[in-house]
Structures are given as structure tokens and as C-alpha cells.
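# I need the structure of the sequence given here:
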Amino acid sequence: MTETKPETRWQRLLREEREEEAREKREKEEQRKTMSTNGKDYPNSGIVFRSDRQRSEHDPGYTGNGDLTCPHCARRFQFFVNAWVKTARTGAKFFSLSFKPKDGGVARAQADDSDLDRAF
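Got it, this is the predicted structure:
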């Protein structure tokens, strides 16, 4: 039996970077396919698929993406969706969801003073 050499830190970082790039490429392709199906645009919607990368109960069972349009400023926000199937105390099954902005930052509505005046 031959022993394999342990992976060096540099090799691990390089491997993780390649895996991250491949994941981002798959997600962009999935987004392109789902958000403009047959040339149609579906704002304020999303889609999830069963994840083939679930290794533990903490990993999402379903992953996907969504698209929302702000009713006030008409900006569109795209986000990743993760879903877990959970069971309520009553035995009913439900989805627990999490959302993460695709731009990597925190999606916040920026209000100017006129928006604040209307709110109060």
C-alpha cells in the first residue's frame, strides 16, 4: 500500500480556489437557465433544486436562486436560496429557507430624506 503525501497549504488553497470557481460557474449557468426560461423573464420569483452536495444535516437539501424587484425603486436583486426540509412538532414537513445576496454584500435599500419624510 502506498502512502499519499499530505496536501500542502498552497495546494489546498489552490484546490479550494478551483472548486469555488467551478461552483460559481455552475451557479451562473443555472441562473441564466432559470431566470430567463425560453427567453421569458420572471421577476419576483425563484427556484430550488435538490442538492447533490449535501453531506450532513447542516448542508441544505435544496439550492437555487431568486430574483426580486423593489416596488419603490424598481431595482432588481438577485440572491441564492438554500432550503432544508424540516419536521414540525405536529409531524408536518416544511421548508426552512435562507437567502444570500449574489453580489456578495448585504442587500440594503438606501433611502434618501424624501423617503424618510413619507415614512413618518
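# pLDDT of the particular helix or strand that has residue 23 in it, averaged?
Taking DSSP states H and E as the criterion, residue 23 maps to helix 9-35. For helix 9-35, mean pLDDT is 82.
# Next secondary structure after it?
strand 45-50.
# Next secondary structure after that following strand?
By DSSP H and E, the next helix or strand past strand 45-50 is strand 62-69.
# That following strand pairs with which strands, parallel or anti?
strand 45-50 (antiparallel), strand 76-87 (antiparallel) (DSSP bridges).
# Can I get the ones you listed in CSV including mean pLDDT?
Shown next, in CSV, are those (pLDDT from 0 to 100):
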stretch, mean pLDDT
strand 45-50, 90
strand 76-87, 92
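# who wins for proximity to residue 57 among those strands?
Closest to residue 57 of the strands paired with strand 62-69, according to C-beta to C-beta: strand 76-87, at 8.0 Å. Bear in mind the C-beta positions are built from the backbone N, C-alpha and C, glycine included.
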